[in-house]
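Colleague: Task: produce atomic coordinates for the following.
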Amino acid sequence: MILVVYAHPYPHYSRACATLLEAIQDLPGLQVRSLYDLYPEFDIDVAAEQQALERADLVIWMGPLYWYTVPALLKHWFEKVLLQGWAYGAGQARLAGKDCLWVTTAGGDEHAFSPEGRHEHPVETFVPVVEQTARFCRMRWLAPFVLLSAHEVRETVLREHGVKLRERLETWLEKREPSPRPSPKGEGEREREPSPRPSPKGEGEREPSPRPSPKGEGEREPSPRPSPKGEGDSRA
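Modeller: Here you go, the predicted structure:
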């Protein structure tokens, strides 16, 4: 299952993110949770969010780039949902092994995100905080999907990017390996050895006497050799 955690502060005015979301929302097994629609007062239902995450094999964080990171409600979501003892730390790391993809849009073009531009850094400079959030929860970080010039690109270009995102997810669906589910056994419980099958011999029948060893009496087997082991705008 693919879970899209959609965080656009103005979802009904979005242009770029809305186009990307429209391109993928009918993929099989995909669920969208639009945070600003669900939680306009920032009162996140932690249990509901965690249950959705547990069902997912791929988690997508989608929204515009706001002050070089995710919008405020998604940051709040990180703090409320990704709890110690559930997402990391002592206890079960429930997100371990799941794939994570950041899909984001920005109004600036490539020049704006360059040493000579107004942002002075490439977009890749702003990825590590979001990436480390995923990695800290032992998720597998996928290369981000970034759309620049979100305010200015033609509608046809936006739709082309939507196709690219959809194709990427379709490829993931074809190749994915579902996250391993927790073992029903208790921690540290060992597998039981199968019970031995009954001997085909009759009750009380003795084994034939072993043949004498060709070695001399008291001769030892030779010792075994050692093993060779020694990565904000309302229209974005």
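Colleague: Now do the strands in this structure.
Modeller: 2-6, 30-34, 58-64, 99-105, 140-141, 145-147 (DSSP state E).
Colleague: so which of those comes closest to V70?
Modeller: Shortest distance between V70 and the strands of the chain, using C-beta to C-beta, is found for strand 58-64: 5.9 Å. Where C-beta positions appear, they are placed from N, C-alpha and C, glycine not excepted.
Colleague: for that closest one, which positions count as buried?
Modeller: 58-64 (16 or more other C-beta atoms under 10 Å).
Colleague: Low-confidence stretches in the protein?
Modeller: 177-235 (pLDDT under 70).
Colleague: tally of neighbours for I44?
Modeller: 17 (other C-beta atoms under 10 Å).
Colleague: contacting residues for it?
Modeller: 35, 76-77, 80-81 (C-beta atoms under 8 Å, 6 or more residues apart in numbering).
Colleague: phi, psi of it?
Modeller: The phi and psi values for I44, taken as degrees, to the nearest 10, are phi -70, psi 130.
Colleague: From K75, how far out is it?
Modeller: Distance, I44 to K75, by C-beta to C-beta, to the nearest Å: 12 Å.
Colleague: Identify all contacting residues around the lengthiest helix in the chain.
Modeller: Using DSSP state H, we find that the single longest helix of the chain is helix 155-175. Applying C-beta under 8 Å, 6+ apart, the contact partners of helix 155-175 are 2, 15-16, 19-20, 22-24, 27-30, 58, 99, 103, 145, 147.
Colleague: Tell me the buried residues within those residues.
Modeller: 2, 15-16, 19-20, 23-24, 30, 58, 99, 103, 145, 147.
Colleague: Tell me which stretches of the protein form helices.
Modeller: According to DSSP H, the helices that the chain contains are 16-24, 35-38, 46-55, 72-81, 128-136, 155-175.
Colleague: Point out the most buried one among those helices.
Modeller: Comparing the helices of the chain by mean neighbour count (mean count of other C-beta atoms under 10 Å), helix 16-24 ranks first with a mean of 21.
Colleague: relative orientation of that helix and helix 155-175 in degrees?
Modeller: Using axes from the mean of the first three to the mean of the last three C-alpha atoms, to 10 degrees, the direction of helix 16-24 lies 50 degrees away from that of helix 155-175.
Colleague: Before I go, just wanted to say thanks for your time.
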